[in-house]
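> Structure, please.
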Amino acid sequence: MPTVTSKRIDTDQSLHDKVIDFIAKTLDRAKYDIYTNPGQEKNTHIGGQFPDVILTPKGDKSVQFVIEVETKATVTEDEARGQWKEYAGLPGTFYLIVPEGSLELARILCSAMGIKVKLGSYAVDSNNHVSGVNYL
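Numbering: from 1, shown residues only. As a prediction, the model looks like this:
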């Protein structure tokens, strides 16, 4: 079975990793320890799972937030049934961050599968640079 990363074309993977980097750089580092797993990197896990971003309170290893970033190509029923459902069962609040144009599809998929999630979206400019992340 192909991995999520193998489903993404190089430009999508690059954007995916830019969003992870943007999120990590804009979160409150004074309040949280921030761990990232971009691309194929497996830096930090929770119960053997490697979500894109993990936040713990500063100096405390208890997970407060789990953040997964998707591209347009990976907002799918397969992802919802597999990875999103697994991440929703991890400790902490699960945030799913998708492209602005995929927000409604992500909402429908999560609702249909009973996935407890907080949704967010990201925007990119004409040069494919991340211009913002909105946590809903």
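> Could you list the low-confidence segments of the chain?
1-11 (pLDDT under 70).
> Would you mind listing the residues in contact with the residue lying farthest from the centre of it?
Relative to the centre of the chain, and counting by Cα atoms, centre = their mean, the farthest-placed residue is Gly59 at 22.7 Å. Counting by Cβ atoms under 8 Å, 6 or more residues apart in numbering, Gly59 touches Asp33. From N, CA and C alone the C-beta is placed, and that goes for glycine too.
> Would you map the strands across the chain?
With DSSP state E, the ranges of strands along the chain come out as 32-36, 53-57, 65-69, 93-99, 118-124, 130-135.
> Would you mind putting those into a markdown table with mean neighbour count alongside?
Formatted as a markdown table, those follow (neighbours: other Cβ atoms under 10 Å):
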| stretch | mean neighbour count |
| --- | --- |
| strand 32-36 | 18 |
| strand 53-57 | 20 |
| strand 65-69 | 24 |
| strand 93-99 | 23 |
| strand 118-124 | 17 |
| strand 130-135 | 14 |
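> got these as a markdown table, with distance to Ile23 columns?
A markdown table is the format used below for the strands of the chain (distance: least, Cβ to Cβ, whole Å):
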| stretch | distance to Ile23 |
| --- | --- |
| strand 32-36 | 8 |
| strand 53-57 | 6 |
| strand 65-69 | 6 |
| strand 93-99 | 7 |
| strand 118-124 | 8 |
| strand 130-135 | 6 |
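> closest to Thr76 out of those strands?
strand 93-99 (10.9 Å; Cβ to Cβ).
> The closest one packs against which elements?
If you count contacts as 3 or more Cβ pairs under 8 Å, 6 or more residues apart in numbering; DSSP states H and E, strand 93-99 packs onto strand 65-69, helix 103-113, strand 118-124, strand 130-135.
> Kindly recompute the last result at 7 Å.
Under the contact criterion of 3 or more Cβ pairs under 7 Å, 6 or more residues apart in numbering; DSSP states H and E, strand 93-99 touches strand 65-69, strand 118-124.
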